[in-house]
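Chemist: Provided below for reference: sequence and predicted model.
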Amino acid sequence: MGCAVARELSRFRVKAAVLEKEMDVGLGTSCRNSGVLHAGFNYAPGSLRAVLDVKGNAMMDDLCRDLKVKIKRIGKLTVALDEEDEATLQRLLEQGRANGVPGLEIIGKERMQAIQPGVEGYMALYSPSSSIISPYALTIGLAENALANGVHFHLGQQVVSVTPLAGNGWEIGTKSGERFTGTVVVNASGLFAADVCRMAGITEYSIYPCRGEYYVLDKRLDGTLRTLIYPAPKKNAPGLGIHLTPTVDGNILIGPSAEYLNDPEDHSCTYDVMAELRREGKELLSEIRMTDYIRNFAGVRPKQTPPEVGGNKDFVIEDRKELKGFVNLVGIESPGLTSAPAIAEMVRGMVEKHIPLLPDPSFNPVRPGSPFFFSELPADERAAMIADNPNYGEIICRCEKITKQEILDAIKNPLGARTLVSIKYRARASMGRCQGGFCVPRITRILRDEFGWKPEDFLKRGDSSPMFVGNVRPKGGASR
């Protein structure tokens, strides 16, 4: 969310900076989700979630075109399995139409089978504007375009204090000892939004972390799912239920589960949940084999409702009247991804009440590059690129067919993020079947030989995840 706001503000002649706790953007909730752009029928008419979801969905085609991010408008079936679900679909249809969701209709089994052969249930709510996207690609695209338009990014800067300055403005202190000042602060801290609120003296908000676990399936099943398939949601459930989600890059996700926990950074995957995901995944898609499960991961939702209440609260997006220049975003869970560009516009309006926003004529909304990886390009185009640059002819990631030049481009990314996860999210290296068994040693060699990295420089995600620890054996010598 912070990257969307930064990119929106970069349209104007302002000095803006993003303080990011991690060593790269998008390593938290922004990337650990299903990558679904929701249509907007799940939310109460007039709520911020409804209004911003529908608006954000409509903005995504132009945004993804400019940022070179893949988007696929594949639609969604919300399926009824019993009479209770049938009533739910009718309610969602009416709610969606009140929200202005385009193209909604309830369809029978014959039409369902035409859209997705083999789907269970006897009726479904069909939403053609539901879509899929790469959430980390969008976050990186927003950040890189904001950077190109003058926003400063400070990675690895965990905020520890928010202090009003005498007269006007704010001072932000970080764990590293850095101090930043500004007229306006936008709190887009996700799972830590309530913590930042308390630093500024706001005590009425709480965040209840809720973990969702996923399985990632091999690309062997690419094309099996033509659309999104969701069960009809149950009352007061913390999420929309376990489902199968195709991704823009050819994998299928099973999940997410929903489990409240105390640690907002607990991304563990648990034995019982994984077993349940395998069972439900097999029921939903009988073609799944045990060899198709190539990875699991978890994301954490920043919920405002405790487990004994369940359900969801509306987004909090506010310009705090008693704290001049403090713009607050709390509880931005689903559909936060879909709503991001619309939320950014809303925040821009709040910022404009505190500082003048004069359009910057040099603003360029277009990010250079292509949404496609080298292996996805036509054969003649690939041949020409190899002839011009032999690095395109050397495969580093065998599973995903990622070339050396794509790895080099990921390493040299504009934000300067240098962890193995940063390279992974930009080039898809190690996202394939062997999960890095083939490519990680080759990427390590590139970083060592061409960039002079020492063993202690290699980090998976950040300072707490070194790739190499303990004794190191130099060439031809004893271990040390």
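Modeler: Structure's in. What do you need?
Chemist: doesn't residue 447 make contact with residue 453?
Modeler: Yes: the pair residue 453 / residue 447 is scored as a contact, 4.3 Å apart, by C-beta atoms under 8 Å. For the C-beta atoms, the positions are set from N, CA and C on the backbone; glycine is no exception.
Chemist: Show me which of the two is the more surrounded one.
Modeler: residue 447 (20 against 17; other C-beta atoms under 10 Å).
Chemist: what's the helix or strand for the more buried one?
Modeler: Assessed by DSSP states H and E, residue 447 sits inside helix 439-451.
Chemist: which stretches of the chain form helices?
Modeler: 2-9, 48-67, 83-99, 109-115, 135-148, 193-199, 271-284, 336-351, 379-388, 404-411, 420-427, 439-451 (DSSP state H).
Chemist: What mean pLDDT does the fourth one get?
Modeler: The average pLDDT for helix 109-115 rounds to 95.
Chemist: Stretch 387-398 now?
Modeler: For stretch 387-398, the per-residue pLDDT averages 98.
Chemist: May I have it as CSV, with CA atoms only?
Modeler: As requested, the backbone C-alpha atoms of stretch 387-398 are provided in CSV (Å, rounded to 0.1, in the frame of the first residue of the first chain):
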residue,chain,number,x,y,z
ALA,A,387,22.7,-12.5,-31.0
ASP,A,388,22.9,-9.0,-29.5
ASN,A,389,23.7,-10.2,-25.9
PRO,A,390,25.0,-13.8,-25.3
ASN,A,391,23.9,-13.6,-21.6
TYR,A,392,20.4,-14.3,-22.9
GLY,A,393,21.7,-17.6,-24.2
GLU,A,394,22.8,-18.9,-20.9
ILE,A,395,20.1,-20.5,-18.7
ILE,A,396,20.6,-20.0,-14.9
CYS,A,397,17.3,-21.3,-13.7
ARG,A,398,16.4,-24.5,-15.5
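Chemist: what's next to that stretch, contact-wise?
Modeler: Under the criterion C-beta atoms under 8 Å, 6 or more residues apart in numbering, residues 374, 382, 385-386, 401-408, 427-430, 432, 434, 438-439, 442-443, 446 lie in contact with stretch 387-398.
Chemist: Quick one: buried ones out of those residues?
Modeler: 374, 382, 385-386, 402-408, 427-430, 432, 438-439, 442-443, 446 (16 or more other C-beta atoms under 10 Å).
Chemist: Might you list the low-confidence residue ranges for the chain?
Modeler: 236-241, 471-480 (pLDDT under 70).
Chemist: Would you check how far apart residue 282 and residue 308 are?
Modeler: Noted for residue 282: a distance of 32 Å to residue 308, by C-beta to C-beta, to the nearest Å.
Chemist: Please identify which of those two sits among more neighbours.
Modeler: residue 282 (14 against 6).
Chemist: show me what contacts the spatially closest residue to the more buried one that is not a sequence neighbour?
Modeler: In this structure, residue 282 finds its nearest non-sequential neighbour in residue 288, 5.4 Å apart by C-beta to C-beta, 6 or more residues apart in numbering. Neighbour list for residue 288: 217, 221, 281-282 [criterion: C-beta under 8 Å, 6+ apart].
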